[in-house]
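Chemist: Compute the structure for the input listed below.
(chains A, B, C and D)
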Protein chains: 2
Amino acid sequence: MSNNQFRKGELYSFITGKASTAIARRLQKKFNTAELNVTIEQWSVLYHLWKQDGISQQELCNATFRDKPSITRLVDNLEKLQLVKRVSSDADRRMNLIFLTRQAQKLQEQSMGLAEETLNEALEGVPPERIEICKEVLQIVYDNLK
Amino acid sequence: MSNNQFRKGELYSFITGKASTAIARRLQKKFNTAELNVTIEQWSVLYHLWKQDGISQQELCNATFRDKPSITRLVDNLEKLQLVKRVSSDADRRMNLIFLTRQAQKLQEQSMGLAEETLNEALEGVPPERIEICKEVLQIVYDNLK
DNA sequence: GACATATAGTTGTTTGTGCAACTATCCAAA
DNA sequence: TTTGGATAGTTGCACAAACAACTATATGTC
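Modeler: Numbers count the residues shown, from 1 in each chain, chains lettered A, B, ... in the order given. So this is what the prediction gives:
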């Protein structure tokens, strides 16, 4: 099946993800202003650890849609910031389980508040049902390609 | 105005732009397979030059939503690949005008074909009117934040 | 004309990404 | 029990992004 209605017009924006870039930049600025000393990418790892602590780097790869070297380095930097620690698994010594530190737990509430605030600014003036459709389309795109 | 219906749920995907990441990776793979020796970021600069040749680096910043140092380095690399050349403007000697080479002109048709193909794969199964809504929402998000 | 200010572009530094090649460990089949 | 393949993670390299500090040129005002 072909979507030929989707022609040259806005091809560019779809591919380059200008909207998500804009969201990420705005959120990063809020983090900087609030002196939360983390990057958006680091935060995206913490986000999944807040949902479930002590998962492996491989699970973080799947959750964040990043490859293994990217996660290795993000965890490196999060460890330098003393926000997580690697604990090698007893059950399978190839694996590192990644645990949040107390410091990282303290970040959760404030950073999630700023994320929500950013999304509210981003979606200002967009009716809820259109947001819903947009989310669904983006999910299908992701499923089609992942 | 607040969009409180937009809660924790899919906050993550919106911010991280998993869909556009997936599209960009797929397109990059097609470029590599076809031995088009360019990155998606370089291609995004060429894309605007194909629309209008001989524009300044500042205009490329605006068009591609990148800062000046990013464009400086992308143009550096495109120049190394002999796909563009910098010509300093007679009218304003601060400016470089960026011109496509013959080689870059040859890339246009094939790369645009691969981009369209990628979008068709991405949007497979999504009805046209939903694509339209999604594009509109992303445009509003961009306008709200840029 | 001289000077202050704005604009165009470059460079250095830190961080992140994608790919390939590598090590270490696990597991299953001979 | 050995061995061969799969899986988890790391390292090296090239490319890109964000920010700050910098140079060079243009322009408006006195």
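Chemist: which regions of chain A lie under the pLDDT threshold?
Modeler: Low-confidence segments of chain A (pLDDT under 70): A:1-10.
Chemist: show me where it has helices.
Modeler: All helices of chain A, identified by DSSP state H, fall at A:8-16, A:18-33, A:40-51, A:57-64, A:68-80, A:102-122, A:128-145.
Chemist: if I look at A:Phe120, how far off is DNA strand C?
Modeler: For the record, residue A:120 is Asn, not Phe. A:Asn120 sits at a distance of 24 Å from DNA strand C (criterion: C-beta to the nearest atom of the strand, to the nearest Å). From N, CA and C alone the C-beta is placed, and that goes for glycine too.
Chemist: Same question for A:Glu117.
Modeler: From A:Glu117 over to DNA strand C (counting by C-beta to the nearest atom of the strand), the distance is 21 Å.
Chemist: same check, this time on A:Phe31
Modeler: In terms of C-beta to the nearest atom of the strand, A:Phe31 sits 11 Å off from DNA strand C.
Chemist: what do you get for A:Thr101?
Modeler: In this view, A:Thr101 and DNA strand C are 16 Å apart by C-beta to the nearest atom of the strand.
Chemist: so that residue sits right up against A:Val87, yeah?
Modeler: No - between A:Thr101 and A:Val87 no contact is recorded; they are 11.7 Å apart, counting by C-beta atoms under 8 Å.
Chemist: Mind checking which of those two has more residues around it?
Modeler: A:Thr101 (15 against 12; other C-beta atoms under 10 Å in any protein chain shown).
Chemist: okay if I get the helices of chain A as CSV plus distance to DNA strand D and mean neighbour count?
Modeler: Supplementary listing: the helices of chain A in CSV, determined by distance: least, C-beta to the nearest atom of the strand, whole Å; neighbours: other C-beta atoms under 10 Å in any protein chain shown:
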stretch, distance to DNA strand D, mean neighbour count
helix A:8-16, 8, 17
helix A:18-33, 5, 19
helix A:40-51, 9, 20
helix A:57-64, 3, 17
helix A:68-80, 3, 16
helix A:102-122, 14, 17
helix A:128-145, 20, 18
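Chemist: Who are the contact partners of the nearest residue to A:Glu117 once chain neighbours are set aside?
Modeler: Leaving out its chain neighbours, the residue that sits closest to A:Glu117 by C-beta to C-beta, 6 or more residues apart in numbering or on different chains is A:Lys30, at 7.0 Å. Counting by C-beta atoms under 8 Å, 6 or more residues apart in numbering or on different chains, A:Lys30 touches A:114, A:117-118.
Chemist: Spatially central residue for chain A, please.
Modeler: For chain A, the residue nearest the mean C-alpha position is A:Ser44 (3.3 Å; C-alpha atoms, centre = their mean).
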